[in-house]
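S.K.: Predicted model, plus sequence, below.
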Amino acid sequence: MKPLFLFLSTLCLCHPAFCATPNFLLIIADDLCWRDLGYEGSPDVKTPNLDKLRTESMHLRGMFNPATSCSPTRHSLYTGLYPIRSGAFPNHTRVYDGAKSLFTYLKEAGYRTALQNKEHIGPKPSFPYEHIEGADDLTVTKAFVTRDAAQPWFMVFASNDPHGPWTRGPKYDPAKISVPEYLHDNAVTRDLLAAYFGEISKLDEQVGALMKMLEDTQQVENTVVLFVSEQGSSFPYGGKWSVYDNGIHASAILRWPGKVKPGSSSGALMQYVDVPPTFLAAAGIDPTKIDVGCPDAKGGIGFDGLSFLPVLLGEADHLRDYIFAQHTTVGTNGAIGPYPMRAVRDTRYKLVRNLAPELTYTIGGIHKGEPIDSWKADADTDYKLADRVKWLFNRPGEELYDLQTDPLEMHNLAADPAFAEHKAMLQTQLDAWIAQQGDKGIETEKLAPTRQGKSDVEPRKGKGKGKGKGKDKKKGK
């Protein structure tokens with residue numbers, strides 16, 4: 001069979017607007033809350049390169065990720081599968097042996113593939129790419145994208161910024177920044193927030209360097225660029241390790257000159273699992289014909305994701321009615337006991353299930369050290385803060401939010417009979433997703449350690465014996 005790039009010029013497989021096989025550059029931030037970007041409305045964070053890219057792109061305002069820790073998030077983004085189905089549901093995880101990824105499909109289609117910086121995925125056979133080291137050095141990156149002008153390429157630039165510890169980037173004055181409403185404003189928070197903002201600006205510098213590389217190599221016009229913010233910051237209520245919108249809502253902008261209208265936006269609900277089918281469709285490959293190598297609990301062999309190519313081309317502004325998310329605490333640094341979370345959201349309402357509300361939610365990232373220690377001290381004389389701190393450790397079994405009137409999810413409506421109909425509708429959708437994924441709740445949560453090795457002995461049985469963990473070059477979280 002001939003490589004795809006040898007015959008796509010004479011065969012249109014995906015859409016009438018398709019005329020050439022594009023390159024793909026996927027840029028991923030690391031522990032970034034979607035709100036903390038200039039083009040998203042941050043009053044303080046300076047992101048001139050991302051702001052410029054946004055003016056050249058479609059702003060995908062309805063993008064969500066299905067998990068809120070690094071490794072399951074990235075597995076979903078690359079495989080088009082939700083975490084429990086793929087086996088990659090705790091942190092430092094891996095998919096089931098035999099599962100495939102966007103790297104697999106595009107490489108089979110004739111693309112060369114690479115990933116720079118943070119990996120945090122496995123096993124290796126499921127992710128066939130060249131690994132490029134170097135957080136800021138694009139020397140090898142440039143060599144990769146210019147290696148063969150006749151061959152298209154797919155590359156992920158997985159930044160380590162702004163993942164803690166926050167030691168890079170320009171200095172922000174803690175006294176002059178605005179503390180978001182969902183954080184407690186004290187000196188410790190301000191110092192940490194200023195350092196975090198600096199690393200966001202460092203990320204922005206990397207984005208600027210990547211865009212200049214495309215210009216210098218004359219590859220702007222035929223390269224799809226997608227930037228995503230990953231899964232929230234590691235501040236308490238910053239989004240990471242929760243299923244609130246600070247975590248599962250992702251900032252996303254996509255540039256495709258000549259195809260995607262510059263400065264446009266769409267509020268269509270979509271998820272990271274929709275990225276692989278979309279990239280494949282843009283490359284002329286029918287994503288509905290793909291066997292992902294990892295069947296769901298109902299016997300389905302295709303992606304969990306859907307192509308949003310029609311949205312990009314301005315032909316539609318709807319993709320999904322609901323998005324889904326989960327968080328597994330077992331295997332997370334400093335975790336004490338299981339505290340699984342599941343969530344479903346439509347355009348206005350969100351339902352959260354905490355499967356072990358009788359337990360105390362405790363992990364290293366948000367429940368120990370700073371800033372939470374300083375928050376606890378301040379809570380001795382601030383009863384409202386005391387309630388917020390308590391909420392970080394103890395949640396009810398169900399949470400329901402009206403995101404139109406309560407975007408920061410501060411007022412739980414689960415027990416309010418006025419919202420019973422909305423709650424029941426979301427429960428039905430969540431139950432169906434859980435069944436399709438093969439999610440057994442606490443039983444699944446307890447299997448998390450078996451999903452944190454290098455490879456399975458028996459695929460799909462969750463009995464891998466490897467002890468190695470995916471690498472986070474910066475902090476191992």
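M.R.: Okay, I see it. Residues are numbered from 1 along each chain as shown.
S.K.: Now the spatially closest residue to residue 338 that is not a sequence neighbour: which helix or strand?
M.R.: Among residues not flanking residue 338 along the chain, residue 445 sits closest, at 4.2 Å (C-beta to C-beta, 6 or more residues apart in numbering). Where you see a C-beta, it was placed from the backbone N, CA and C, and this is true even at glycine. Per DSSP states H and E, residue 445 falls inside helix 442-446.
S.K.: Alpha carbons only: can I get that helix in PDB?
M.R.: Output in PDB follows, covering the C-alpha atoms of helix 442-446 (Å, rounded to 0.1, in the frame of the first residue of the first chain):
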ATOM      1  CA  ILE A 442     -14.800   2.200  43.400                       C
ATOM      2  CA  GLU A 443     -13.800  -1.200  42.000                       C
ATOM      3  CA  THR A 444     -12.200   0.600  39.000                       C
ATOM      4  CA  GLU A 445     -10.500   3.200  41.300                       C
ATOM      5  CA  LYS A 446      -8.800   0.400  43.200                       C
END
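S.K.: and it, average pLDDT?
M.R.: Mean pLDDT, helix 442-446: 94.
S.K.: Can you list the buried residues in that helix?
M.R.: 444, 445 (16 or more other C-beta atoms under 10 Å).
S.K.: For it, which outside residues touch it?
M.R.: Residues outside helix 442-446 that contact it (C-beta atoms under 8 Å, 6 or more residues apart in numbering) are 84, 89, 328, 329, 330, 338, 340, 355, 356, 438.
S.K.: can you pull out the helices in the stretch 151-300 of the chain?
M.R.: 187-216, 245-248, 275-282 (DSSP state H, counting those that start in this stretch).
S.K.: Need those in TSV (columns: mean neighbour count and mean pLDDT).
M.R.: Putting the helices of the stretch 151-300 of the chain into TSV (neighbours: other C-beta atoms under 10 Å; pLDDT from 0 to 100) gives the following:
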stretch	mean neighbour count	mean pLDDT
helix 187-216	20	98
helix 245-248	26	97
helix 275-282	25	98
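S.K.: Could you export these as JSON lines, including distance to residue 23?
M.R.: Listed next are the helices of the stretch 151-300 of the chain as JSON lines, based on distance: least, C-beta to C-beta, whole Å:
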{"stretch": "helix 187-216", "distance to residue 23": "9"}
{"stretch": "helix 245-248", "distance to residue 23": "29"}
{"stretch": "helix 275-282", "distance to residue 23": "10"}
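S.K.: and of these, who's closest to residue 223?
M.R.: helix 187-216 (5.7 Å; C-beta to C-beta).
S.K.: what separates the closest one from the chain centre, distance-wise?
M.R.: 18 Å (C-alpha atoms, centre = their mean, to the nearest Å).
S.K.: Likewise for stretch 329-349?
M.R.: For stretch 329-349, the distance to the chain centre is 15 Å (C-alpha atoms, centre = their mean).
S.K.: Could you list the buried residues of it?
M.R.: Quick answer for stretch 329-349 (16+ other C-beta under 10 Å): 329-332, 335, 338-346, 349.
S.K.: ok, these vs residue 30, which is closest?
M.R.: Looking across those and measuring by C-beta to C-beta, the closest to residue 30 is residue 332, at 16.1 Å.
S.K.: so the closest one, which of the three states?
M.R.: coil (DSSP: H, G, I helix; E, B strand; the rest coil).
S.K.: list the contacts for it?
M.R.: Residues near residue 332 by C-beta under 8 Å, 6+ apart: 69, 90, 91, 241, 363, 364, 365, 477.
S.K.: Quickly note the distance from the second one to residue 363.
M.R.: It stands for residue 90. 12 Å (C-beta to C-beta, to the nearest Å).
S.K.: who has more neighbours, those two?
M.R.: residue 90 (27 against 21; other C-beta atoms under 10 Å).
S.K.: if I read this right, that one contacts residue 333, doesn't it?
M.R.: No: in this structure, residue 90 is not within contact of residue 333 by C-beta atoms under 8 Å, at 11.3 Å.
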